[in-house]
Structure formats: C-alpha cells, structure tokens
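What shape does this take:
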Amino acid sequence: MESNNGRIEKAEDQDRLSSLTDDVLLSILGKVDIATAARTAVLSTRWKHLPWLLPELTIDAKNFLPSPLPNPIEAEHIDTAMASLTKAVRSFLAIRQCEATISSLQLKLYLVDNYSEIIGPLLSEVIVVGTVKDLDLAVLGKKEPEDCNDKDMLQQACSVDGFFRTYPGLLHCLTRLSLYNICFDERDMNHFLFDCCKQLRYLYLSNCDTGELPAWKIHAPDSNISVLELETCYLGKLDVLHLPKLERLHWDGWMCPNAPLSFGVVPALKELQLLSGAAVYFKGFNLSEVLRGTMIKNLTLNFQGEKLWMQPEGKQLCTVFNKLTKLCLHDIFVEFDLLWTIVLLEAAPSIEVFDLEIWEHPCTMGPEARGKTYGERTNPSWKLSEFTNGKEWLLKEVQITGFSPMDQQMTFIRAVMERAPNLRTLVLKDYSPCEDCEQMGVLPRSERLPAERVYPKDKEEQDMVVNQLIGHMACCHVDITFGV
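As a prediction, the model looks like this:
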C-alpha cells in the first residue's frame, strides 16, 4: 500500500511540474548539463520537445570523459568523448525546432579530424540560416600543459588554423574563443584572431607561446576584443600596440625577466590583473612604465608569495594611478613588511577600495627546489618617508584576507587609519581554505604557528585586536568586522 502511495505522490509531483509553462521548464533545464536535459525528453510527451527549445546550449567534451577523470587522458578517452559530443551536436542542431533560435552556443571540443568533419558543416549551416546567434568556442588541449612539447603545440596551431580555414563561416558569429596549447610561431594567428574574427569580444589563451619570437605584438585597430585573458603563456613580451575596445586584461603567469608587457593605444582599458611568482632571473620593472598612457581603474597585482617583481617607485606612479579606484595586492608573503603598500596608496589618493591578501602556504615546493626556482624572499625596500602626495585619500574600505595580529599587519593598519580620513570599513578575514594544504595533511595554523600569526578565533580575541587598533585614537569612525 505504501508503495502504491509513493507512486501516486511521484506521479502527482510530475504532473505539477509538467503543468508549468515552457519558459519555466526551460529555465530549469538550462541549469543542468546537456545530457541530463536530453534525457528529460523521455519523461512524457509534455517534455519531449523542450530540450530542443533551449535558447542557450553548453556542450562540453569533458562531460563525456570517464569519471573520475583519468590522468593522463588517453586518445581513446578523447575519441569516445568526441563521439558522444558529435552525437549531441547533431541531435540539438540538425533536428532543431525550426522556429527556435539559439542565442548562445557554448561548445568545448577536441579537434579530431573525423569528428571535426561532421561538426564543422553542422555549425556552418546553422550559422548561415541564423539559428545560432553567438558562438562561444573552446578548442581543448589533448595533453596537460606540462606534458606538451613544441611539436604538440605546433600541431595544435595547425589543427586550429585548418579547422577555421575549412569552415570560415564559423567566424561570423564567434564572440568568445578559448585556445589551449598553441604555438604562434609559424602561423599568422594574429590575422586569424584580430582580422578574421570580426565579432570576437573575449579571447582566452592557456599554455600558449610565441616560439622563438621575442614578443607578441597586437596591432588591431578594427578588433572588437574587450577581454583578453592569458594563463601561463610564454610570450617573451606582450606589446599591445593598438586594441581600442580592450577593457580587461588578465595575465596569470609569465616568464619574462623584464617588463612583461607594454601598452600603446588602449583607450578603453579599465581593469588589469597581473599574477606571477618572481623567478630567480626576474630583474624587476617600473610599473609606471608599463602603465604609461593608460587610465586603469581596477588594478590587481599578485606575487604568489614570492619577492616583488616591481622596482620601488613613488611620484612616478601618480600619473598612471590618476583614475585608480580599486587596488588589490594579493599573495604577499606573510613575513614581509606592509608599509611599502602605503606608497601606492599615497600615489593614488582616488582609491576607494583596497584589498590585501597575505600568503602563507606549506603546500608549495620544498625549500631547496623553491630556492632554485625563485631565490631568496627579500623584504620590500620601498621608503615611505621619501614620498608624500599631499592629497586627501578617498579610501573608504580596506579588506585583509589572511589577517593575524602580527606586528607587520597591525602597524600597517594603524598607519592606514591615520592617513585615511574617509575610511569607514575595515574587514579582517581568515585565510581561504587551501585544497593542496589539506591534501598534504598540513596541520591547521592554530596548531603549527604562534598565537600572533593566527586569526583571532573568538569575540574576546577579536575585541582585543580592535582595542589594539583604535585604543590610542580619540575618535574612530571605522567599522571593524571579522569575516570568514
């Protein structure tokens, strides 16, 4: 009897779900992967047509790989995944409801000849007839970056070049493109990326290099690219000579001893993020020279717990920091003095939000290997007394992640509070969880570090910190909060 009741309740739930409008059901289907969405077609005649009405589709070859993901991913795994992806593409595009258009198609695939020869014509056809409006394409790497050699990267470049030469119609609605493991040395990738992809607005490159070319130069006055993201790309140097629509540039990891990039005509550039650990051969550079001619509003610099890769500067930064409203300094080694950061704040009195993240992780390489790769961590030598701007700071909010009541941090906070009359919010947060540290079985900081280097765990300890910060002040308008 209970079994019958259970079936009745389940049927009633399905009836209630099926009674919802198509728009609501499509919103639900849009939150699951494509395989799950396709399986709903067999639930009932009410659901049968819905997956083929989805306005936004994401079809990812990695969803068809074995779980857990093998390492390395073998050729047969890729072949099986691409067979399933090709079947899904054919199903969702070839038998598309004639009146339904796809506002955005996100496709992540491996370029395998026999499958590319099926997918290419299908995509070309739906683009020509207007079924697909925006194409977000990712050409995945068949190997992990550390397993790629020069031959692999040249072959990947050849495959990408050949695919788009064979199916040039894809370029007409390509708005987002992600490429992995490509060498730009022997092929004119600039012509393809910046001249042929007229609608391209977002470009992501991972583990790409320029071969023997000393620099990657971008001169694309007609390009619509607004976002350029680079992850572990060895480009020698990046010279953005002319990219008028560029608004955001993120570069995570470079291998350049001097300044990694320079800018020419980039009138729309508002956000810049630079992340790299300074290797032993890094000579450092003047940030003012890199940012010359820009109007950056949001700047993030990440040092990955190593020495600074910037040379000390002062008044030289005032012009390039003229429009800066948010400054993020991340992964600063825990033992470094922090007063050097006040030089940056002094050079940019327009900053309203200052975000600081402290770095303390035992999960990185051992001391000997780290020393050979990065060398000695040297405390920043910037002299605060040598430079004052004289302008009132607009700083309203400071956030510190990885806070502990050690002298370096407390001294820095007091110095900022004394100089920032408009400061209203101070957020002190613990370190974010680190999966690598957890997998290594590293003891919690409370068990391996002295008390002054541990986040205050309860209200009593937090109140003590607040008193140490403002106890000497006659009047304080700063709201100090402790977060996770």
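
what's the neighbour count on the closest residue in space to Leu123 that isn't next to it in sequence?
Nearest residue to Leu123, sequence neighbours excluded (CB to CB, 6 or more residues apart in numbering): Leu170, at 5.6 Å. (Glycine included, C-beta is placed from N, CA and C.) Neighbour count for Leu170, taken as other CB atoms under 10 Å: 20.

who are the neighbours in contact with Leu170?
Gly120, Leu123, Ser124, Ile127, Leu135, Leu137, Phe164 (CB atoms under 8 Å, 6 or more residues apart in numbering).

From the residues you listed, which one has the minimum pLDDT?
In terms of pLDDT, the lowest of these is Ile127, showing 90.

Sketch out the low-pLDDT regions of the stretch 151-300 of the chain for me.
Along the stretch 151-300 of the chain, the model assigns pLDDT under 70 to residues 186-187.

What segments of it are strands?
Under the criterion DSSP state E, counting those that start in this stretch, the stretch 151-300 of the chain carries strands at the ranges 174-180, 202-206, 216-219, 227-231, 238-242, 248-252, 261-265, 271-275, 298-302.

From His330, how far out is Leu65?
32 Å (CB to CB, to the nearest Å).

which of these two has more neighbours?
His330 (19 against 16).

average pLDDT across whichever helix or strand that one is part of?
His330 belongs to strand 326-333 when elements are defined using DSSP states H and E. For strand 326-333, mean pLDDT is 98.

what does the next helix or strand after it contact?
Counting by DSSP H and E, the next helix or strand C-terminal to strand 326-333 is helix 341-347. Under the criterion CB under 8 Å, 6+ apart, residues 312-315, 317-318, 321, 327, 329, 351, 354, 356, 382, 384, 387-389, 393, 395, 412, 415-416, 419-420 lie in contact with helix 341-347.

Stretch 219-229 now?
Applying CB under 8 Å, 6+ apart, the set of residues contacting stretch 219-229 is 190, 194-195, 198-205, 241-252, 264-265, 268.

hmm, back to that, so which elements touch the strand holding His330?
When contacts are defined as 3 or more CB pairs under 8 Å, 6 or more residues apart in numbering; DSSP states H and E, strand 326-333 sits against strand 298-302, helix 341-347, strand 353-359.

Can you tell me which of the ones you listed is most buried?
Greatest average neighbour count among the helices and strands packed on strand 326-333 goes to helix 341-347 (a mean of 22), per mean count of other CB atoms under 10 Å.

Derive a PyMOL selection command for the buried subset of the contacts of helix 341-347.
Buried residues within those, by 16 or more other CB atoms under 10 Å, are selected in PyMOL with:
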select buried, resi 312+313+314+317+318+321+327+329+351+354+356+382+387+389+393+395+412+415+416+419+420
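
quick one: which of the contacts of helix 341-347 sit in helices?
If you go by DSSP state H, these have Phe412, Ala415, Val416, Arg419 in helices.

For the second one, give me its contacts.
This points to Ala415. Contacts for Ala415 (CB under 8 Å, 6+ apart) come out as Leu339, Ile342.
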